[in-house]
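Peer 1: below are the sequence and a predicted model; questions follow.
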Amino acid sequence: MINPVQLDDCYFVASQIAKEDLAALKVQGVERVINNRPEGESEDQPAGEDVRLAAEALGIEYVSNPIDLAVLSQGHVDLQLAALTDNKKTLAFCRTGTRSSVLWVLLRGENGKEYSRLFSQVAEKGFDLSRCAVAMAPLLKV
């Protein structure tokens, strides 16, 4: 069972979901899922296409925005932002939830929030972004 972690009113993060998790997520009010995990990271990882089909069958919007921190770009941030143009309850997921949290920090920073406070807020929720700082640095808006 997936236990989403709430970062703001509409943005939740989680580790890898399976298509079987989607019905419970729908009951929890999730209207959109964003897959931030590249295909084939592990053998037990479900195919993104399978998750997409299951989500859409339940009326849940599906967005693919796979993130590799080694090549994190403004394009990834922009795609995540474009998917969040409305106030739908959104679950962003990856292997552990860290990359989805990285994107949230970068998005919130675009709105003038202080990065140190955002890093702390995410850390309090269980996501240590310190190992991601080098990848994030070129994208931080100061």
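Peer 2: Done, it's in.
Peer 1: please look at residue 77 and residue 105 and confirm they touch.
Peer 2: No: counting by C-beta atoms under 8 Å, residue 77 does not reach residue 105; the two are 10.0 Å apart. Every C-beta, even on glycine, is put in place using the N, C-alpha and C of the backbone.
Peer 1: contacts only, for residue 92.
Peer 2: By C-beta atoms under 8 Å, 6 or more residues apart in numbering, residue 92 lies in contact with 11, 12, 13, 14, 33, 34, 36, 80, 100, 103, 104.
Peer 1: just the buried ones from those?
Peer 2: Buried members of those, scored by 16 or more other C-beta atoms under 10 Å, are 11, 12, 13, 14, 33, 34, 36, 80, 100, 103, 104.
Peer 1: now these in CSV, with distance to residue 56 and secondary structure?
Peer 2: Shown next, in CSV, are the buried ones among the contacts of residue 92 (distance: C-beta to C-beta, whole Å; DSSP: H, G, I helix; E, B strand; the rest coil):
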residue, distance to residue 56, secondary structure
11, 21, strand
12, 19, strand
13, 21, strand
14, 19, strand
33, 10, strand
34, 14, strand
36, 18, coil
80, 19, helix
100, 20, helix
103, 22, helix
104, 24, helix
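Peer 1: which of those sits closest to residue 89?
Peer 2: The closest of the buried ones among the contacts of residue 92 to residue 89 turns out to be residue 12 (C-beta to C-beta; 7.2 Å).
Peer 1: can you give me the neighbour number for the nearest residue to the closest one once chain neighbours are set aside?
Peer 2: Closest residue in space to residue 12, ignoring its immediate chain neighbours: residue 4 at 3.8 Å, by C-beta to C-beta, 6 or more residues apart in numbering. When neighbours are counted by other C-beta atoms under 10 Å, residue 4 registers 21.
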